[in-house]
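Asks: Just the structure for this:
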Amino acid sequence: MFANIVQYNVSCSLTSKNKGQFLCPLWLFHHRCDIIQELKMTAWCEQEGVRQAIQTKFPSIKVYYIEEEPGCDVYYTNDNSGDFFPEKYLLDGEEVYEYFETIEEVSEFVNERFGLTTTPDLEEIERKINEYVEGQEDEDFYLNLHEFRYVEG
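Replies: You can find the predicted model right below:
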């Protein structure tokens with residue numbers, strides 16, 4: 001059974017007037033200056049209604065999120081600039097679960113960790129990873145590269 005992991009960053013100017021309005025017993029927030037960060041596990045997808053309700057109630061707020069749902073190959077973020085979620089790639093496997101900001105970092109990592117020879121090209125890296133997995137004796141061995149896709153919101 002897979003769980004969807006959604007992490008939110010809320011960017012706003014918190015004043016003493018509205019600071020307490022963000023506290024909710026169902027969520028665990030991490031306060032840091034003008035950012036509220038929430039990590040929650042939900043079923044299936046990012047809870048768009050929660051994000052919209054916050055942004056409607058507090059128009060000066062923009063909620064940024066990143067979500068992962070491995071069972072449905074969902075890897076999305078609405079943070080196109082990478083200010084809050086700079087991760088663009090996720091490499092997950094039997095012995096690895098690493099985030100990367102650039103394709104160059106991915107290439108360097110797989111070259112060092114798995115002895116591959118790749119250039120910073122997504123299709124090439126995916127092809128070489130697939131070849132590497134097929135060459136493993138352990139039938140349960142897996143290694144997947146995911147790219148976070150930008151979505152409006």
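Asks: And the strands in this protein?
Replies: Taking DSSP state E as the test, the strands found in the chain are 4-11, 29-32, 35-42, 62-69, 74-77, 89-93, 97-100, 143-147, 149-150.
Asks: Between those, which has the poorest mean confidence score?
Replies: When the strands of the chain are ranked by mean pLDDT, strand 29-32 comes last with a mean of 42.
Asks: hey, what's the residue nearest the centre of the chain bridged with?
Replies: By CA atoms, centre = their mean, the chain has its centre lying nearest to Ile66, at 4.3 Å. Using DSSP bridges, the bridge partners assigned to Ile66 are Gln7, Thr77.
Asks: Break the protein down into its structural domains.
Replies: 1-83, 87-153 (automatic domain parsing).
Asks: Compute the number of surrounding residues for Gly93.
Replies: Counted by other CB atoms under 10 Å, the residues lying close to Gly93 total 17. For the C-beta atoms, the positions are set from N, CA and C on the backbone; glycine is no exception.
Asks: again but with Glu134, I slipped
Replies: Other residues within reach of Glu134, judged by other CB under 10 Å, total 8.
Asks: any idea how far Asp121 is from it?
Replies: Glu134 is 19 Å from Asp121, where distance means CB to CB, to the nearest Å.
Asks: Any figure for the gap between the residue nearest to the centre of the chain and Glu108?
Replies: Between Ile66 and Glu108 the computed distance is 22 Å (CB to CB).
Asks: so what's Asn80 up against?
Replies: By CB atoms under 8 Å, 6 or more residues apart in numbering, the contact set of Asn80 is Tyr150.
Asks: got a pLDDT number for it?
Replies: For Asn80, pLDDT reads 90.
Asks: about what we covered before: thought the residue nearest to the centre of the chain was touching Asp83?
Replies: No. Using CB atoms under 8 Å, Ile66 is not in contact with Asp83, being 11.9 Å away.
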